[in-house]
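[1] Okay, here's the prediction I keep looking at, along with the sequence it came from:
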Amino acid sequence: MGIMIIEKKEWVANYEQMKSTAEMAELILKREQSIHTAALAEAKLREEKLKKALGIEMECVSNMRAESAKAKVAAKVKLVDARTMMDDAIKRMTEANSKMQAAESIFQRS
């Protein structure tokens, strides 16, 4: 009977040790789960911020492209205007040269 009591005490001690180890493992698991949950929440928050930043950046790029297109159109219009003015100036200069030559020929005849 004494052996059974000793064995029972050993079994109880083993049980208590295993129970303590299991409780400690459960506490560690809960702590790691809470750390993981916090890290996941932080990652989702970072993802949302990055998505927002990307949206803003894409909008800026779109605005820059639109402004660039407007500037390109404005430059083309100014170039066409400048060429028109130049053509008009050349035409007037040609007319003036013709009139001057006509006046010189009249002056030389007299």
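    Okay, I see it. Residues are numbered from 1 along each chain as shown.

[2] Can you pull the poorly scored residue ranges out of the chain?
    1-2, 110 (pLDDT under 70).

[3] those helices in it, which residues are they?
    2-109 (DSSP state H).

[4] Could you pull out the buried residues of stretch 25-40?
    Residues of stretch 25-40 classed as buried: none (neighbour count, 16 or more other C-beta atoms under 10 Å). In short, each C-beta sits where N, CA and C put it, glycine included.

[5] before we move on, what about stretch 62-79?
    Buried residues in stretch 62-79 (16+ other C-beta under 10 Å): none.

[6] Could I get the CA-only coordinates of that stretch as CSV?
    Output of stretch 62-79 as CSV, limited to C-alpha atoms (Å, rounded to 0.1, in the frame of the first residue of the first chain):
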residue,chain,number,x,y,z
SER,A,62,-2.8,62.7,-63.4
ASN,A,63,-3.0,66.4,-62.6
MET,A,64,0.6,66.8,-63.8
ARG,A,65,-0.2,65.0,-67.0
ALA,A,66,-3.2,67.2,-67.6
GLU,A,67,-1.2,70.4,-66.9
SER,A,68,1.5,69.1,-69.2
ALA,A,69,-1.1,68.5,-72.0
LYS,A,70,-2.5,72.0,-71.5
ALA,A,71,1.0,73.5,-71.6
LYS,A,72,1.8,71.5,-74.8
VAL,A,73,-1.4,72.7,-76.4
ALA,A,74,-0.7,76.3,-75.3
ALA,A,75,2.8,76.1,-76.7
LYS,A,76,1.5,74.7,-80.0
VAL,A,77,-1.0,77.6,-80.2
LYS,A,78,1.7,80.1,-79.5
LEU,A,79,4.0,78.6,-82.1
